[in-house]
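Trainee: Make a model of this:
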Amino acid sequence: MIGLAVFGSSLTMSRMVWLAFAGAAVTSFLVYALGMQGRGGFEPIKLTLAGASVAAFASSITSGMMLINKHSLESALFWMVGSVSGRELNHLLIVLPYMSVGLLLALWLSGSLNVMALGDESAKGLGQRMMLIRVVSAIAIVLLAGSAVAAAGPIAFIGLIVPHLCRYLVGNDHRWLLPRVQSRLSDY
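Mentor: Numbering: from 1, shown residues only. Below is the predicted model of the structure:
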């Protein structure tokens, strides 16, 4: 929304990609920083609550910007809902390199994510480098989320339903949730 307000109709797809990555990075950082606050360190429930609060904050900023900048209301409504309608292959080709790197990082981390699901202390005891895994995971998330938003906008219901559907179909093993290219990648 900030990009639409600043650039208006001159917002190109290549600019949109970088704005989407910037937005994904800033929101990821805020969610992670809020999720780490308090006792107990990193816990999934705290991360979920932090995500909900950052989403509410971003929604209020978007609403405020729409009130201030009425000429971008139509474009803003399209991007608030998200759509693949009117998208062409060249839109995908622009974000494909970033999506590929994000997917490769996610595949590389699949085994480590399984170990981290056991909890921080168990993962440390099994030799996982927690900070490295979290940083690389954050980079993968920013690349994948930023690419998806740049190509289609924030289609929220897909982001809410697909993870649960995948876990229902294949279980909690990240090696099945994230198809593995090489079985040895997660050993490094």
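
Trainee: ok, residue 28 - contacts?
Mentor: Contacts here follow CB atoms under 8 Å, 6 or more residues apart in numbering; on that basis residue 28 touches 138, 141-142, 145. Just so you know, the C-beta spots here come from the backbone N, C-alpha and C atoms, and that holds for glycine as well.

Trainee: Recalculate using a threshold of 6 Å.
Mentor: 138, 141-142 (CB atoms under 6 Å, 6 or more residues apart in numbering).

Trainee: Can you name the next helix or strand after the longest helix belonging to the chain?
Mentor: As assigned by DSSP state H, the longest helix anywhere in the chain is helix 89-116. Helices and strands here follow DSSP states H and E; after helix 89-116, the next one along the chain is helix 120-125.

Trainee: per-residue pLDDT, the spatially most central residue of the chain?
Mentor: Geometric centre of the chain, nearest residue: residue 145, 3.5 Å, by CA atoms, centre = their mean. Among the per-residue scores, residue 145 holds a pLDDT of 82.

Trainee: element containing residue 143, please.
Mentor: Using DSSP H and E, residue 143 sits within helix 130-152.

Trainee: For that helix, which residues meet the burial criterion?
Mentor: Residues of helix 130-152 classed as buried: 133-134, 136-152 (neighbour count, 16 or more other CB atoms under 10 Å).

Trainee: Same question for stretch 30-43.
Mentor: 30-32, 34-35.

Trainee: again with stretch 49-64
Mentor: 50-51, 54, 58, 62.

Trainee: Tell me the one among those residues nearest to residue 105.
Mentor: Residue 105 has its nearest neighbour among the buried residues of stretch 49-64 in residue 51, at 20.3 Å by CB to CB.

Trainee: now the closest one: how far from residue 120?
Mentor: Counting by CB to CB, to the nearest Å, the separation of residue 51 from residue 120 is 19 Å.

Trainee: ditto for residue 14
Mentor: Note on residue 14: its distance to residue 120, by CB to CB, is 39 Å.

Trainee: Many thanks, we can stop here.
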